[in-house]
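Undergrad: Next input, structure requested:
(2 chains)
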Amino acid sequence: DAKTTQPPSMDCAEGRAANLPCNHSTISGNEYVYWYRQIHSQGPQYIIHGLKNNETNEMASLIITEDRKSSTLILPHATLRDTAVYYCIVRPLWGNEKLTFGTGTRLTIIP
Amino acid sequence: GAGVSQSPRYKVAKRGQDVALRCDPISGHVSLFWYQQALGQGPEFLTYFQNEAQLDKSGLPSDRFFAERPEGSVSTLKIQRTQQEDSAVYLCASSLVGLAPFFGPGTRLTVL
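TA: Numbers count the residues shown, from 1 in each chain, chains lettered A, B, ... in the order given. As a prediction, the model looks like this:
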């Protein structure tokens, strides 16, 4: 079973920051938080991952709370192409490498 | 190629037929994963290889499903005696050990 909880859907205005929350209250010390997104009819696309420090790349920023029980993915300037289902996934540092997807958040960017 | 490729992209099978789905991972990627995605659902894990070794096949739904990766590169997912409930998108992903997997575009299987 997925170890994360996400809202089923969110809207965001084009050009604004999209903030997608994720709860992972049972995360253990050897588990990363990964984010993927899936645009309609495509395979999932890797966005970002982190352990306990905040991370930023060209796509997004990942903010992880100090207790590591929740995180927020931030898309700083959302565009229509960011409309997708976003998955927050907890994955161990070592051992079984599989990703366990939940139901994700369907993000719709409004023009 | 630059990414994970899968073939065919679309497959229509009559109930009871056998199908074979192919995955070409990114060159040099040791880990390879297969997922099944039903309409409107998130991807569900099927099986995982490291090189040619199948380390986890706990997600295969029945003994009609079989996956192999004989030379540690290309992988094939075979479904025998297909049923309507096998209709789904089958996704393949590959990665270097411990790093983020990259997914292919998937094969959409429709069983009539």
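Undergrad: OK, contacts around B:Y10?
TA: Taking C-beta atoms under 8 Å, 6 or more residues apart in numbering or on different chains, we find B:Y10 in contact with B:T107, B:R108, B:T110. C-beta coordinates here come from the backbone N, C-alpha and C atoms, glycine included.
Undergrad: switch to 10 Å and redo it
TA: Counting by C-beta atoms under 10 Å, 6 or more residues apart in numbering or on different chains, B:Y10 makes contact with B:V89, B:G106, B:T107, B:R108, B:L109, B:T110.
Undergrad: Listing request: residues of the chain with sub-threshold pLDDT.
TA: You didn't say which chain, so I picked chain A. A:1-2 (pLDDT under 70).
Undergrad: My question was about chain B, not that one.
TA: Along chain B, segments meeting pLDDT under 70 span B:1.
Undergrad: Can you list phi and psi of A:R37 for me?
TA: Torsion angles at A:R37 (phi, psi; degrees, to the nearest 10) stand at phi -130, psi 160.
Undergrad: okay, now the closest residue to it other than its chain neighbours: neighbour count?
TA: Excluding its sequence neighbours, the residue lying closest to A:R37 (C-beta to C-beta, 6 or more residues apart in numbering or on different chains) is A:A84, at 4.3 Å. By the criterion of other C-beta atoms under 10 Å in any protein chain shown, A:A84 has 21 neighbours.
Undergrad: residues contacting A:A84?
TA: A:36-40, A:42, A:44-45, A:47, A:104-109.
Undergrad: ok, how many other residues are close to B:L77?
TA: For B:L77, the neighbour count with other C-beta under 10 Å is 24.
Undergrad: Work out for me the element it sits within.
TA: strand B:75-79 (DSSP states H and E).
Undergrad: Flag every buried residue along that strand.
TA: Along strand B:75-79, these residues count as buried under the neighbour rule (16 or more other C-beta atoms under 10 Å in any protein chain shown): B:S75, B:L77, B:I79.
Undergrad: Same question for stretch A:97-110.
TA: A:E97, A:K98, A:L99, A:T100, A:F101, A:G102, A:G104, A:T105, A:R106, A:L107, A:I109.
Undergrad: Tell me which of those residues fall in helices.
TA: When helices are assigned by DSSP state H, not one member of the buried residues of stretch A:97-110 lies inside them.
Undergrad: and chain B, which of its residues are near chain A?
TA: Residues of chain B found near chain A, taking C-beta under 10 Å from any C-beta of the partner chain as the criterion, are B:3-4, B:6, B:30-31, B:33, B:35, B:37, B:40-48, B:50, B:55-56, B:58-59, B:89, B:91-93, B:95, B:97-106, B:108.
Undergrad: repeat that with 7 Å
TA: Taking C-beta under 7 Å from any C-beta of the partner chain as the test, the list of chain B residues beside chain A reads B:31, B:33, B:42-43, B:45, B:48, B:56, B:91, B:98, B:100-106.
Undergrad: Appreciated, that's everything.
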